[in-house]
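Q: kindly generate the corresponding structure for this input.
(one chain, ligands or ions: 1)
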Amino acid sequence: MRVLVVEDEAAMADALARGLTAAGFAVDVSRDGEDGLWRATEVEYDAVVLDLMLPKLSGYDVVRRMRAADVWTPVLMLTAKDGEYDVSDALDLGADDYLVKPFSFVVLLARLRALMRRGGRERPAVLTAGDLVVDPAGRSCHRGDVEIRLTAREFAVLEYLMRRCGEVVRKRDLLEHVWDDYFAGDPNVVEVYVGYLRRKIDQPFGRAAISTVRGAGYRLEADGG
Ligand code: CA
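A: Numbering: from 1, shown residues only. Okay, the predicted model is just below:
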């Protein structure tokens, strides 16, 4: 899941980026409203964390223009206490939820996950594919009764494949949603991680849920193997 953070205060932006990355998200940061709007309309994010008071364009303007451009990515607005703006205006303009600073990071994560579930396509709280069960909030993965331990990156790759269960997922989609903008390494890193996942979720159980679709990408199937 890929998140855009639009926040001009460096300390807050860094803390959000670090926390969200540790929670398994791919994170991009914009430091002003203009850049934030540009990214939010050019890149397919799963959610946007948007500060209200921003240089160049306010959070209000960003969300209003996103919606006007038919971009429906869920938006979580951050506002300062006693700010000059009214939060209800932000919601009216198209934000999906808001948090007043200072807020608890745990609450921000919970709100973000809730927004992603409600977002564009159906996003169930717990993802299943046959007897493979992934709980994004609890960060757990089970095959039947067996708990499978995954690294944050493995988890993010699996979560994305699970959310698009049965569909062909291109390597490029995985790179865009699991790795961030600064990733400049070999795109074959996707293959490496799919290999790690197969060794954890499939091979020990005699399964083959993740298939390679030659020249296209990967597909995770509920009844695989
Ligand atoms: Ca600000």
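
Q: please count neighbours and contacts with C-alpha atoms only from this point.
A: Noted.

Q: show me where this protein has its strands.
A: Secondary structure of the chain (DSSP state E): strands located at 2-6, 26-30, 47-51, 75-80, 97-101, 127-129, 132-135, 140-143, 146-147, 168-169, 210-213, 217-220.

Q: the ones you listed into TSV, with extra columns for distance to the ion and mean neighbour count?
A: Converted to TSV, the strands of the chain look like this (distance: least, C-alpha to the ion, whole Å; neighbours: other C-alpha atoms under 10 Å):
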stretch	distance to the ion	mean neighbour count
strand 2-6	9	26
strand 26-30	11	22
strand 47-51	6	26
strand 75-80	8	22
strand 97-101	10	17
strand 127-129	35	18
strand 132-135	33	20
strand 140-143	34	18
strand 146-147	42	12
strand 168-169	36	18
strand 210-213	43	16
strand 217-220	40	21
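
Q: distance-wise, check R153 relative to L78.
A: Using C-alpha to C-alpha, to the nearest Å, one gets 27 Å for the distance from R153 to L78.

Q: export the strands of the chain to JSON lines and tack on mean pLDDT?
A: Formatted as JSON lines, the strands of the chain follow (pLDDT from 0 to 100):
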{"stretch": "strand 2-6", "mean pLDDT": "97"}
{"stretch": "strand 26-30", "mean pLDDT": "96"}
{"stretch": "strand 47-51", "mean pLDDT": "96"}
{"stretch": "strand 75-80", "mean pLDDT": "90"}
{"stretch": "strand 97-101", "mean pLDDT": "88"}
{"stretch": "strand 127-129", "mean pLDDT": "89"}
{"stretch": "strand 132-135", "mean pLDDT": "92"}
{"stretch": "strand 140-143", "mean pLDDT": "94"}
{"stretch": "strand 146-147", "mean pLDDT": "96"}
{"stretch": "strand 168-169", "mean pLDDT": "92"}
{"stretch": "strand 210-213", "mean pLDDT": "94"}
{"stretch": "strand 217-220", "mean pLDDT": "94"}
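
Q: kindly reformat those as a markdown table containing distance to L16.
A: Shown next, in a markdown table, are those (distance: least, C-alpha to C-alpha, whole Å):
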| stretch | distance to L16 |
| --- | --- |
| strand 2-6 | 8 |
| strand 26-30 | 9 |
| strand 47-51 | 9 |
| strand 75-80 | 12 |
| strand 97-101 | 12 |
| strand 127-129 | 25 |
| strand 132-135 | 22 |
| strand 140-143 | 22 |
| strand 146-147 | 29 |
| strand 168-169 | 28 |
| strand 210-213 | 32 |
| strand 217-220 | 31 |
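
Q: near the ion, which residues of this structure?
A: Residues of the chain lying close to the ion by C-alpha under 5 Å from the ion are 53-54.

Q: poorly predicted segments of the protein, please.
A: 81-88, 119-125, 181-182, 184, 224-225 (pLDDT under 70).

Q: ok, the residue of the chain found nearest the ion - how many residues close by?
A: Closest residue of the chain to the ion, C-alpha to the ion: M53 (4.2 Å). A count of nearby residues for M53, using other C-alpha atoms under 10 Å, gives 21.
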